[in-house]
Every structure is written in structure tokens, then in C-alpha cells.
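I need the structure of the sequence given here:
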Amino acid sequence: MFREMRRAKCELSHDTAEKILREGLFGILAVAGDEGYPYAVPINYAYADGKIYFHSAKVGHKIDAIKNNSKASFCVVGQHEVVSEEFTSYYTSVIAFGKMKIVEDNADPDKVLGLNLLAEKYSPAESNEHRDKEIYGKLNALVVPVLEIEHLTGKAAREIIRRGDIK
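Alright, predicted model coming up:
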């Protein structure tokens, strides 16, 4: 169903791809937008157990697109080094493919779990009490889109693979 990577020698192991996904600071979510145009949006995220969690307002282009077509992809660049004298860049990246669900119900465990994962990732110094106050104070005003990964690939520039310095 999903294509094989053309440059198989550049393919990273599943574990390495997951590591890049766990450690990335942001990614690009791509969905089918209005009038069939692709809609790609940079977004913060958290990853756990084969799912990627986002937070969102209840309305907007992203939410409309997900409701119209649950298929999505999500890309994260791990390392990126411009090598100007070679007219190239050395990089690591991952792409996840899957189906999105929008968690609206406050009783759905994925809603609070996703928000907690996001808070832990982006506000690690904050106390649990402060996180809970923020999360539960805004719980009714937002939704948690979740990408359930069906296929995950990781890729690295040949030079990074040769050097063995995948971070």
C-alpha cells in the first residue's frame, strides 16, 4: 500500500525513525485541504505509542480538512546541515502516514493524555499542578487531533550514514 523507499541505502531503522519523531521540536502536518489543494501546516506535537498528538482550536482549515478526509502525513526533520561547497545538505527526516481522529470528548483518555504529553514536552519545567490548571482550564475550548500511524519511514543523507553520526 505504501511505496518502498527509492534510496533504500538511506533508509533508517524503525527505532531510529521513532527517536527522531520523539525528539523533534515541530513538524509539518499535511492534509487534503479545500478544493483538493494540499494543506501543510507547521505544528507542535508529541509522540507516544504509535500516535502523534496535536492540539487545536475546534474550528479552522485543519479541522475541516481532517473531517473531510482522515488521511494525513506528518514530516519531521531531525538534523539539517547545509554544505554549501557541495551544493547540498545533510539531513535526517521521518514521514508518518496514517489516519487522523479528532478527539473532542473530554472523557476520551486520548484528549488529556495528548495534552499532558504536549505540556511535558514543551513546558517540562512547569509543575504538574500548573500543567493541570492550564489543561483543565482550556479543555472545553480545544480538540486534540491524533494521527494513528500506519506507516513510518526515516531517511538520512548518505554522508550522515557513512559518518555514523545520526543524532
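
quickly find the element holding Cys75.
Cys75 belongs to strand 71-83 when assigned by DSSP states H and E.

what's the answer for Asp15, then?
Per DSSP H and E: helix 14-23 holds Asp15.

picking up where we left off before, so what strands line up beside whichever helix or strand comes after the strand holding Cys75?
Next helix or strand after strand 71-83 toward the C-terminus (DSSP H and E): strand 88-103. When pairs are called by DSSP bridges, strand 88-103 turns out to pair with strand 71-83 (antiparallel), strand 142-156 (antiparallel).

what sits against Ile102?
Taking C-beta atoms under 8 Å, 6 or more residues apart in numbering, we find Ile102 in contact with 56, 63, 66-67, 143-146. All C-beta atoms are positioned from the backbone trio N, CA, C, and that covers glycine.

now do the next helix or strand after the helix holding Asp15 against helix 14-23, angle only.
Going down the chain from helix 14-23, the next helix or strand is strand 27-32, by DSSP H and E. On the basis of axes from the mean of the first three to the mean of the last three C-alpha atoms, to 10 degrees, strand 27-32 is oriented at 100 degrees to helix 14-23.

tell me what strand 27-32 is packed against?
Packing partners of strand 27-32 (3 or more C-beta pairs under 8 Å, 6 or more residues apart in numbering; DSSP states H and E): strand 38-43, helix 61-68, strand 71-83.

the helix or strand hosting Glu129 vs strand 142-156, what angle?
Taking DSSP H and E as the criterion, the element that holds Glu129 is helix 128-138. Comparing the axes of helix 128-138 and strand 142-156 via the same axes, to 10 degrees yields an angle of 120 degrees.

need the residues that contact helix 128-138.
By C-beta under 8 Å, 6+ apart, helix 128-138 touches 112, 115-116, 119-120, 123.

nearest residue to Phe74 in space, please, no chain neighbours.
Ala96 (4.6 Å; C-beta to C-beta, 6 or more residues apart in numbering).
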